[in-house]
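A.B. asks: A predicted structure for the sequence below; I have some questions about it.
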Amino acid sequence: MRTKKSFLNLLTDLIPLVIISILGIFKLKLFIDVLGDKTLGLYQLYSQVMVYVALVDGGLSSALLFALYKPNSSGNTEKFKEIVAAGYKVFALIGIIIFGLTAILSPFVHYLIKDTIFSNWFVAITFLIFALSNVVEYFFVPQRTILEVKEKKYVLNICIQTGQILLSIAEIIMLLLHCKFIYILLMHVVIRLLSNIAVAICCKKIYPEYSVKGLTKKDFEFTKQIKHLIFHKINGLVVYNIDVILISSILGLSAVAIYSTYNYVINMLRNILGKISGSITAIIGNYLSEGNEKKSHELFDEMRSMMFFVAIIISVPLFFALGSFIDIWYEGKIETQFLITLAFSIYMYVYIIKIPTTTFVTSAGLFKETKLSALCDTIINLSLSLLLIFKTGISGVVFATAFSSFVAEYIMKTNVLYKHVFTKKKSTEFYRKNIKFLIFTLFDLLIGYLIFMNIKITNILSWFLIFVLYFIINAILIYVVFYIFKETKFINRFKCLLKKETN
C-alpha cells in the first residue's frame, strides 16, 4: 500500500511540476520581453519580502504535521480531530495577522529597491495584491495537512498543481495580450483561492469523520514547538530568501533579474528533487514511529547513495549547460558569468546530497535538537553574503549559501541524526563512505571540461541535442561506476519503494 501511495504522491508531484517548469521557461522570457527585467526583479523581491513576513507562522505547519503522526498511527480519531480543530484556529489567525502586516509594510517596500523606476503607490498596491495571493493558503493548512499525514498527498497535488498549470497558462496568455502587471497579480489571487477550495472539498469528501464542526475541545500542544521551530524558520528565510533582498538593495533590480534567471532553473530542479523527499516525508515519519532503527538506517543509507548519484548526473552537466542556455534563450539580454554558473552548480550539488539528512530529521521531528545547526546556517550565510557581495557580486551570495548549507545542513544535522535516531551507528562512517563520491564528482568534472572546452553552441536545438546526449551517456557511465563500487542498492528500493510496512 505504501508503494502505491509513494508512487502516486511522486507521480502527481513530478508530472505537473515538469509541465509547470517548461511553461515557466517560456513565461520568464515573455515576462522580460513584455514587462522588462526590472518588473521581473520587482516580482522576485515581493516573493522574498513576503517570506519574511511569513515568519509569523513560526513553522507551525511542520509542527502540525508532526503532531498528527502519532494519533494517525494509533488510530486515535478524537485526538486527531482535537489537533486539527486547533489548527483551524491557529492558521486562520496567522493568515489575518500576516495580511495585516503586509498592509502596514506595503508603503515602505520601495525603500528596498536601489534606483527604482516605479512609483511608491504602484509598489505598495502590487505588493499588497501579491501578498493576498499567498495569504489565502493559510486558511487551508489543516486540510492540506490531513491529506499529507494520511499519505494521500496525491489528492493535494492534483488540486494545487492543476491550479499552478492553469495559472502559468493564464499568465502566458495575459503576457501575450500585454496585460498590466497588476491584472496578472489579481489572476494569481483568484486561481490560488479556487485551488485551495478544491483541496478543502476533497478533504471533506474523503475524510468526513474528521469534521470538527461542533467540537469544543481543541489541542494546541503542537504550538509549543514554535520555540524550537522559529530557529528553523529564520534559517529558511535567510538561506532561501536573503539573496534577492541583498542584491536588490546593493546591486539593483537588473542584478536581481540576472540572479532570478539563473535561480529559476535551479529552483525548477530543486522543486523536482524536493518532491522526491516530500512525497515520502509522511511515510518516513510513520515508519520511524515504528522504532525499527536497523531498517530505517538501511533506507537512509540507500537514499544517501541515490542522492549522490543524482547530484553528480545533474550538477556536473548543469555546470556546462546553464550559462550557454541563458545566453541562447534570452538572446544576450541576461548577462552570464562563469563564477555565477559555478556557484549555482555547487549550490545544487550541496542541496541534493543533504536531502536524505534533512528528510529524516524532519520526519523524526528533531526540531529542538537541530536549533544550533539552524542558527549556524543563518549566521554563516548572512555574514559571508554581506562580505562576498561587495567582492564578487551575485556569485559571492550564492557561494555563501552553498557553504553555509554544507556546514549546517549536511554536517551538523547528520551528526544530530546519528546521535538521536541511528544511535547504534557512527556518523564518521557516513562521511568516510562519501569521500569516494566526491572523487567521482571531480573526475566527472574533469572529463566534462575536456569535452566542452572546444565546443561552441550557437542555437537552442544544438544545445538541446548536445546536452541530452551528454546527460544520458554521463548518467550511464556514473551508474557503472556506482555499480562497480556496490552503491546501487537504491535501484531496487526505488523500484519497490517501501513495498511493505516493515520492509
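C.D. replies: Perfect, I can see it now. Numbering: from 1, shown residues only.

A.B. asks: okay, now the nearest residue to I353 once chain neighbours are set aside: neighbour count?
C.D. replies: Spatial nearest neighbour of I353, excluding adjacent residues (CB to CB, 6 or more residues apart in numbering): A311 at 5.1 Å. C-beta: built from backbone N, CA, C; applies to glycine. Neighbouring residues of A311 were enumerated by other CB atoms under 10 Å; the total is 22.

A.B. asks: In contact with A311, which residues?
C.D. replies: The contact partners of A311, by CB atoms under 8 Å, 6 or more residues apart in numbering, come to 348-349, 352-353, 437, 441.

A.B. asks: now do 10 Å
C.D. replies: Contacts of A311 were listed using CB atoms under 10 Å, 6 or more residues apart in numbering, and they are 273, 348-355, 437, 440-441.

A.B. asks: Okay, now the unreliable bits of the stretch 351-500 of the chain?
C.D. replies: 492-500 (pLDDT under 70).

A.B. asks: Send me stretch 76-90 as PDB with only the CA atoms.
C.D. replies: What follows is stretch 76-90, C-alpha atoms only, in PDB (Å, rounded to 0.1, in the frame of the first residue of the first chain):
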ATOM      1  CA  ASN A  76      -6.900   7.800  17.900                       C
ATOM      2  CA  THR A  77      -9.500   9.700  15.900                       C
ATOM      3  CA  GLU A  78     -10.600  12.000  18.700                       C
ATOM      4  CA  LYS A  79      -7.100  13.200  19.400                       C
ATOM      5  CA  PHE A  80      -6.500  13.700  15.700                       C
ATOM      6  CA  LYS A  81      -9.700  15.900  15.500                       C
ATOM      7  CA  GLU A  82      -8.700  17.900  18.500                       C
ATOM      8  CA  ILE A  83      -5.300  18.800  17.000                       C
ATOM      9  CA  VAL A  84      -6.900  19.600  13.600                       C
ATOM     10  CA  ALA A  85      -9.500  21.800  15.300                       C
ATOM     11  CA  ALA A  86      -6.800  23.800  17.000                       C
ATOM     12  CA  GLY A  87      -5.000  24.000  13.600                       C
ATOM     13  CA  TYR A  88      -8.000  25.700  12.000                       C
ATOM     14  CA  LYS A  89      -8.000  28.400  14.800                       C
ATOM     15  CA  VAL A  90      -4.200  28.900  14.700                       C
END
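
A.B. asks: Return the distance of that stretch from the chain's centre.
C.D. replies: Distance, stretch centre to chain centre, for stretch 76-90: 27 Å (CA atoms, centre = their mean, to the nearest Å).

A.B. asks: which parts of it are buried?
C.D. replies: 79-88, 90 (16 or more other CB atoms under 10 Å).

A.B. asks: In what element of secondary structure is the residue nearest to I353 found?
C.D. replies: Using DSSP states H and E, the element containing A311 is helix 293-329.

A.B. asks: For the following helix or strand past that helix, name the packing helices and strands.
C.D. replies: Downstream of helix 293-329, the first helix or strand assigned by DSSP H and E is helix 338-353. If you count contacts as 3 or more CB pairs under 10 Å, 6 or more residues apart in numbering; DSSP states H and E, helix 338-353 packs onto helix 253-278, helix 293-329, helix 371-392, helix 394-405, helix 427-452.

A.B. asks: Understood, closing this out.
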